[in-house]
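Colleague: coordinates only, no sequence provided:
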């Protein structure tokens, strides 16, 4: 899932997502299928911060009603470094990328309008950017960042995984971004009450 600024997402080379300054071990989830889903956390990178912890991801997974089915073929959930994308998926791995350190973010107005329901549920206040109708200031805090990353970004990337696993070849996510976005929004509708209970809203 790309950031609203529409920058280039994580690059894929020779069928693998590129990672910066990392040397993978032969048993690593990027190279070897795992018997259980690994939850990993990488350095956030300069100017970024992980508002999610591994414990948060485990708690969130615990409230997903069909996790046993959804996790089939899912080798890892990664809290990845920040950059051009909010999250990504590739062949059995989904990632939520570290968030910018600033709480107030200038997002594309179209992106905000497409996500107004989730922003309202998380209490994210918004205001227009002066002299820029295409920009909207979104005022987050720790809890709303965590909520957006779990209840939308992670669900969106899991939607791509579900897409891949429900195709005949199980090679690619053939139905693309629209499928993943719809999956995330529909799944979240079933999950809000459980999420708010689990994360003490």
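Modeller: Received, thanks. Computed from a predicted structure; not experimentally measured.

Colleague: check which helix or strand residue 160 maps to.
Modeller: helix 155-165 (DSSP states H and E).

Colleague: just checking, next helix/strand downstream of that helix?
Modeller: With DSSP H and E, the next secondary element past helix 155-165 is helix 176-198.

Colleague: give the buried residues for that next one.
Modeller: 179, 180, 181, 183, 184, 185, 187, 188, 191, 195 (16 or more other C-beta atoms under 10 Å). Bear in mind the C-beta positions are built from the backbone N, C-alpha and C, glycine included.

Colleague: what pLDDT is listed against the first one?
Modeller: What the model reports as pLDDT for residue 179 is 89.

Colleague: how near is it to residue 163?
Modeller: According to C-beta to C-beta, to the nearest Å, residue 179 and residue 163 sit 5 Å apart.

Colleague: kindly report the same for the third one.
Modeller: Here the distance between residue 181 and residue 163 works out to 11 Å (C-beta to C-beta).

Colleague: just say helix, strand or coil for the residue most central in space within the chain.
Modeller: For the chain, the residue nearest the mean C-alpha position is residue 153 (2.9 Å; C-alpha atoms, centre = their mean). Secondary structure assignment for residue 153 (DSSP: H, G, I helix; E, B strand; the rest coil): helix.

Colleague: sec struct for residue 43, please.
Modeller: coil.

Colleague: related to what we said a few turns ago, now do the contacts for the nearest residue to the residue nearest to the centre of the chain once chain neighbours are set aside.
Modeller: Of all residues not flanking residue 153 in the chain, residue 87 sits nearest, at 4.4 Å (C-beta to C-beta, 6 or more residues apart in numbering). Contacts for residue 87 (C-beta atoms under 8 Å, 6 or more residues apart in numbering) come out as 1, 80, 94, 95, 96, 97, 149, 153, 154, 156, 157.

Colleague: for the second one, give me its contacts.
Modeller: Looking back up the chat, that one is residue 80. Residues near residue 80 by C-beta under 8 Å, 6+ apart: 42, 87, 88, 95, 96, 97, 98.

Colleague: redo those residues as CSV? Include distance to residue 128 and secondary structure.
Modeller: Shown next, in CSV, are the contacts of residue 80 (distance: C-beta to C-beta, whole Å; DSSP: H, G, I helix; E, B strand; the rest coil):
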residue, distance to residue 128, secondary structure
42, 35, coil
87, 27, strand
88, 30, strand
95, 32, strand
96, 28, strand
97, 27, strand
98, 27, coil
